[in-house]
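Chemist: A structural model of the following input is requested.
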Amino acid sequence: MHENKRFGFAQFRFVVAAILLLAAGLKAHQLSAAPLPPVVQGSVFTPMLELLNDRYFLMVVVVGEILFALVLIAGIWRQWMWLLSLLGFTAFMLVSLIKGLSGESSCHCFGAVTTSPWITTFLDLAIVILLAIFRERIGWKFAFPDRKKLVTVLIAWIVLAGTALFAMLSLKQEPHATLGTEFIGVDGKSTIMLEPERWVDQRFPLWDYVDDKSRSLLEKGEWNIVIGRKQCDECKQLIEKLGTHSTIPVALIEVDDDATDTVYSEPENVPVKGWLTFEPHWLILMPCLIKCRDGVCVSVGDIPAQE
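Modeler: You can find the predicted model right below:
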């Protein structure tokens, strides 16, 4: 049969395959380099996002994307692969849309490369539209492909997917690695030396350890967050300076082991007070000042100029 020479899925499939391989490679790199960041809590979609953020689920996604891309490159079952590409990128678009609505700062489609879920939503939508334009006629017959192509795809998949899996599985899990250095204290309990200088431009990693009432307020808008203790004179002095030099509201997150609901009394210049969970134990040079905007650390340690 004479094949249409115009640009169509026969050519566009290579673009789709390149995107899939890029996404798979970057996710594999992230999974082999560091623990995954937690998802934003408090959304109706949080349970689903936690499933999608599961390490082993993402490993399956990486292996599947590699196979998908290789089959596209080989041109096997081209009509069916067009349909699967259309359905697949429609699903990717919906996931990115849900992450955007949930307040995620990145879709994590490309691993540790921060990409707004709104950008990937429109990217996936553009690909779906192009796939609809460069459509293939679906033949209901499922012909067996050329054996050489099939064997080549399988060998390449085993090599690439096997390498990716080896790298991803070799990571020693350290669930608190984004917070700082974890060690076992003299009391035999897990203790974390917080390293806030590593948090700049990242989601504030302590959100998952801050009481729910405080977190629901502090994840929105701009805040000067002071980590300290209610008995700390230096913390009180810092809060007073912030009240003078900044119009941004101040919040005090306490690390006292005896913290209770009574910390919600309204002290002067501190509209919000909360506390960290008692486990694990926390070590930090106090007071520690962190400026957050919409749940993301903007700066650490400096008293802002008049704002």
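
Chemist: going forward, measure contacts and count neighbours with C-alpha atoms only.
Modeler: Will do.

Chemist: Identify the residue nearest residue 22 in space, chain neighbours excluded?
Modeler: Nearest non-adjacent residue to residue 22, counting by C-alpha to C-alpha, 6 or more residues apart in numbering: residue 110, 7.4 Å away.

Chemist: Quick check: the one you found touching residue 29?
Modeler: No - counting by C-alpha atoms under 8 Å, residue 110 does not reach residue 29; the two are 9.5 Å apart.

Chemist: okay, these two: which has more neighbours?
Modeler: Neighbour tally, residue 110 and residue 29, criterion other C-alpha atoms under 10 Å: the higher count belongs to residue 110, 21 against 17.

Chemist: for that one, what are its contacts?
Modeler: 22-24, 26-27 (C-alpha atoms under 8 Å, 6 or more residues apart in numbering).

Chemist: again, 6 Å this time
Modeler: 23, 26-27 (C-alpha atoms under 6 Å, 6 or more residues apart in numbering).

Chemist: Double-check that residue 181 belongs to a strand.
Modeler: Yes - the assignment for residue 181 by DSSP: H, G, I helix; E, B strand; the rest coil puts it in a strand.

Chemist: Which parts of the stretch 101-250 of the chain are helices?
Modeler: 117-133, 147-169, 212-218, 233-245 (DSSP state H, counting those that start in this stretch).

Chemist: can you redo those helices as TSV with mean neighbour count, mean pLDDT and distance to residue 54?
Modeler: Below are those laid out as TSV (neighbours: other C-alpha atoms under 10 Å; pLDDT from 0 to 100; distance: least, C-alpha to C-alpha, whole Å):
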stretch	mean neighbour count	mean pLDDT	distance to residue 54
helix 117-133	18	94	18
helix 147-169	15	92	13
helix 212-218	17	79	23
helix 233-245	16	84	38
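
Chemist: among those helices, which is nearest residue 104?
Modeler: The closest of these to residue 104 is helix 117-133. By C-alpha to C-alpha, the value is 7.3 Å.

Chemist: Low-confidence stretches in this protein?
Modeler: Scanning the chain for pLDDT under 70 picks out 1-7, 34-35, 38, 40-42, 137-143, 171-177, 185-188, 256-272, 278-279, 302-307.

Chemist: Chain neighbours aside, what residue packs nearest to residue 69?
Modeler: residue 17 (4.3 Å).

Chemist: tell me which residues in the helix or strand harbouring that neighbour are buried?
Modeler: Taking DSSP states H and E as the definition, one finds residue 17 inside helix 9-33. Residues of helix 9-33 classed as buried by neighbour count (16 or more other C-alpha atoms under 10 Å): 9-10, 12-14, 16-18, 20-32.

Chemist: ok, back up a step: any chance of the contacts of residue 110 in JSON lines, plus distance to residue 102?
Modeler: Output for the contacts of residue 110, formatted as JSON lines (distance: C-alpha to C-alpha, whole Å):
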{"residue": "23", "distance to residue 102": "22"}
{"residue": "26", "distance to residue 102": "23"}
{"residue": "27", "distance to residue 102": "21"}
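
Chemist: quick one: which of those residues is nearest to residue 84?
Modeler: Among those, and counting by C-alpha to C-alpha, the member closest to residue 84 is residue 23, at 17.1 Å.

Chemist: For residue 294, see how far away that closest one is.
Modeler: With the distance defined as C-alpha to C-alpha, to the nearest Å, residue 23 ends up 27 Å from residue 294.

Chemist: again, but for residue 83
Modeler: Applying C-alpha to C-alpha, the value for residue 83 to residue 294 is 39 Å.

Chemist: and the gap between the closest residue in space to residue 191 that isn't next to it in sequence and residue 290?
Modeler: Closest residue to residue 191 apart from its sequence neighbours, by C-alpha to C-alpha, 6+ apart: residue 281 at 4.6 Å. Here residue 281 is placed at a distance of 20 Å from residue 290 (C-alpha to C-alpha).

Chemist: repeat for residue 251
Modeler: 10 Å.

Chemist: Check residue 254 too.
Modeler: 13 Å.

Chemist: Which one's more surrounded, the two?
Modeler: Higher neighbour count among residue 254 and residue 290: residue 290, with 24 against 21, using other C-alpha under 10 Å.

Chemist: What helix or strand is the more buried one located in?
Modeler: strand 288-293.

Chemist: Report all helices and strands that the very next helix or strand once past that strand contacts.
Modeler: Reading on from strand 288-293 to the C-terminus, the next helix or strand found by DSSP H and E is strand 296-300. Under the contact definition 3 or more C-alpha pairs under 6 Å, 6 or more residues apart in numbering; DSSP states H and E, strand 296-300 sits against strand 288-293.

Chemist: and residue 292, what does it touch?
Modeler: 222-223, 298.

Chemist: can we see that at 8 Å?
Modeler: 204, 221-225, 298-299.
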